[in-house]
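>>> What follows is a predicted structure for the sequence shown.
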Amino acid sequence: MDYDDKRHDCSRGCVVERDNSGVLQVAYDPACCKLADYNWLEGIDEEKYSDLYEVRFKNTRKVIFRNDSGQKLKEGDLVIVEATNGHDLGIVTLCGAVVLRQMVRRKINPETYQFKKIYRKAKALDIERWQEAIAREQSTMIRARQIAAGLGLDMKIGDVEFQGDGTKAIFYYIADERVDFRQLIKDFAEEFHIRIEMKQIGARQEAGLIGGIGVCGRPLCCSRFMADFKSITTAAARAQDLALNPQKLAGQCSKLKCCINYEASTYLDARKSLPDAREPLDFSDGLAYLVKTDVLMGTMWFSFDKSNMTNMFPLSADQVMQIRELNRHGKKGDPVIEKSKGGDDTPEFVTAVGDDSISRFDSSGRKRNRNRNRDRRRGGDDQRQRGNGNNGNNGGNRENKDNRDNRKPRNNDKKN
């Protein structure tokens, strides 16, 4: 089997290929899977709920089922599961004690929740039918968008997911307002001859379904591991002193980036130890205004010019509180102009920009570097030769001088 015959279906986390006999083979691939889970409780038995399994479908849709087939299942097995109408095909991704942790996260009570059933393992005919239904998804989505645009509906169809038996499809859409689907569903049923289910999602859920690469160079968090979306406000950006630039704070879903919330709590805790510096500090040099704060370092930068960030000087949180206490008693802080000019107490910001020339990538730059290295080696050889002459015996420099004086007569003797 050639590598070109393999097809990586990242939306379902599997690899599809045909063996030498023509039988379709599907293997679960956690490395190419959205919202992939790691069974960190592997090997721990859970007798009470050992028949519960997590089954994944397309993109980020996962459901917990109860195994009523009597067959022993493991992670990566393709199974036929119960659906509202007909049956569906999914891949087992979790089993054992870790499934209970997933139910706690999803707020599912195993005592009262009505779990759907796993009928059996998928057969070759089921997999063939499943792949035929998957092949129709792209063309169905494009045609569905055309029909919705023709009806003038203010909505966007982001994705289409066919059921395993090919008799039903879920249309994921985004809409700002309520949409009348009565005529749309009729047109879809006449066009595709399947049962229709419309499911509304938000912009963040759409980004998770589609996936992509963020500005950090890594896959989007919503498609990689995030299952719950919390509200994100500009207050979290202000707490981290981020520039309130919509183009930088917005993600591919045109909403505030989810990663803004990752370190917001750390910054909020660090700010509790910083004093309030809304009022200027009174020094012998004048009034100093807060212009910048390094929250994690606990350093506050002040300037005597309220509208200018030049000639800033840093103060720690303890120093600011001490000066505040002096100002309350009518005293002024010590002068800081001389300290800022000294440069010993001011931290330096080191950057790698300019350390090397960009001409190193050019042929002329490489040639100059080779010449410079050759000259440097020659200089080292000369120094070693001079060192050997200075450390020699029998007069050292005097012997070298005699050799230089006698060099010309020796050449004349050779000529004669």
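Good, I have the coordinates.

>>> what's the distance between the one residue sitting closest to the centre of the chain and residue 225?
For the chain, the residue nearest the mean C-alpha position is residue 218 (4.1 Å; C-alpha atoms, centre = their mean). Distance, residue 218 to residue 225, using C-beta to C-beta, to the nearest Å: 11 Å. C-beta coordinates here come from the backbone N, C-alpha and C atoms, glycine included.

>>> State the distance from the closest residue to residue 202 other than its chain neighbours to residue 68.
In space, and not counting its chain neighbours, residue 202 is closest to residue 174: 7.1 Å by C-beta to C-beta, 6 or more residues apart in numbering. According to C-beta to C-beta, residue 174 and residue 68 sit 37 Å apart.

>>> shaky segments in the protein?
1-4, 337-416 (pLDDT under 70).

>>> tell me the domain boundaries of it?
3-123, 275-367 (automatic domain parsing).

>>> on that earlier part again, so the residue nearest to residue 202 is in contact with residue 198, correct?
No - with contact defined as C-beta atoms under 8 Å, residue 174 does not count as touching residue 198 (11.5 Å).

>>> Find residues that contact each of the two.
Shared contacts of residue 174 and residue 198 (C-beta atoms under 8 Å, 6 or more residues apart in numbering): none.

>>> So which residues of the stretch 251-400 of the chain form helices?
Taking DSSP state H, counting those that start in this stretch, the helices of the stretch 251-400 of the chain run over residues 264-271, 317-328, 337-342, 363-390, 397-415.

>>> Quick check: the gap between the residue nearest to residue 5 when sequence neighbours are not counted and residue 134.
In space, and not counting its chain neighbours, residue 5 is closest to residue 17: 5.5 Å by C-beta to C-beta, 6+ apart. Separation of residue 17 from residue 134 (C-beta to C-beta): 14 Å.

>>> Excluding chain neighbours, what is closest to the residue nearest to the centre of the chain?
residue 224 (7.7 Å).

>>> and the one you found, what is it in contact with?
Per C-beta under 8 Å, 6+ apart, neighbours of residue 224: 34, 35, 36, 218.

>>> For these, pick the one with the most neighbours.
Most neighbours among the contacts of residue 224, by other C-beta atoms under 10 Å: residue 34, with 23 neighbours.

>>> any idea how far it is from residue 208?
7 Å.

>>> So what sits opposite residue 302 in the bridge?
Going by DSSP bridges, residue 302 is paired in beta bridges with residue 290, residue 313.

>>> Tell me how many other residues crowd it.
Residue 302: 23 neighbours (other C-beta under 10 Å).

>>> Check residue 304 too.
The tally of other residues near residue 304 (other C-beta under 10 Å) stands at 19.

>>> which outside residues touch the strand or helix carrying residue 190?
Assessed by DSSP states H and E, residue 190 sits inside helix 182-192. Contact with helix 182-192 is made by 140, 143, 144, 147, 148, 151, 153, 169, 171, 195, 196, 198, as judged by C-beta under 8 Å, 6+ apart.

>>> Name the residues of stretch 284-293 that are buried.
For stretch 284-293, burial by neighbour count (16 or more other C-beta atoms under 10 Å) applies to 285, 288, 289, 290, 291, 293.
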